[in-house]
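J.: Below: sequence and its predicted model.
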Amino acid sequence: MDKILINNFIRAKEVRVISETGEQLGVMNIFQAIDLAKSRGLDLIQVTEKVEPPVCRIANYGKYLYQQSKKEKKIAKPRGGELKEIRLTFNISPHDMETRAKQAEKFLKDGNKVKINMSLRGREKAMGGYATEKVKKFLEQLNSIIPIKTERELKREPRGFTMIVSKK
């Protein structure tokens, strides 16, 4: 339903009315229903037209629109499935590695994949073995927190190493 019909824009002759508290008031003439809503200082809002007679609710129109937009936003936000990145450096301390492992755990629990990036600069590029050991140590730490599976193996790139992991 694109446009929400309210008050005099509702075309049905009879409507099923629901009060602002959610109580069923039954089927009534459209004019009676509008008068009832006006007497309470509220609007008559058509909730659905798929049934006969259409269902209408007595409520504040602005509040109703706000609630609908909140519902739509909740539905429109599928979480997870993104690729998040954790950057490790050549001389990363053990405590920093633990912190990064905990952050990666959060990403994995949300259903995201994690790209582990070990960037190397200058002479660090010549010591690829040491960098690989650091990445393996990080993976062991991460695996002790949450079981992981490798999506893409550790790969050498011009600026260092990368790999992608996800939750088992």
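T.: That came through, no problem. Numbering: from 1, shown residues only.
J.: hey, which strand is longest across this protein?
T.: Across the chain, the longest stretch assigned as strand under DSSP state E is strand 148-157.
J.: For that one, buried residues please.
T.: Residues of strand 148-157 classed as buried under the neighbour-count rule (16 or more other CB atoms under 10 Å) are Ile148, Leu154. Where C-beta positions appear, they are placed from N, C-alpha and C, glycine not excepted.
J.: cool, stretch 99-112 as well?
T.: Counting neighbours by 16+ other CB under 10 Å, stretch 99-112 gives Arg100, Ala101, Ala104, Glu105, Phe107, Leu108, Asn112 as buried.
J.: Give me the domain ranges for the chain.
T.: What the record gives for the chain is the domain set 7-76, 83-167, from automatic domain parsing.
J.: chain center to the shortest one, what's the gap?
T.: When you say that, I think you mean domain 7-76. In terms of CA atoms, centre = their mean, to the nearest Å, the centre of domain 7-76 is set 29 Å apart from its chain centre.
J.: With the longest one instead?
T.: When distances are taken as CA atoms, centre = their mean, domain 83-167 is centred 25 Å away from the chain's centroid.
J.: start to end distance for it?
T.: With CA to CA, to the nearest Å as the measure, domain 83-167 spans 12 Å from end to end.
J.: quick one: low-confidence parts of the protein?
T.: Using pLDDT under 70 as the threshold, the predicted model of the chain has low-confidence ranges 1-2, 77-80.
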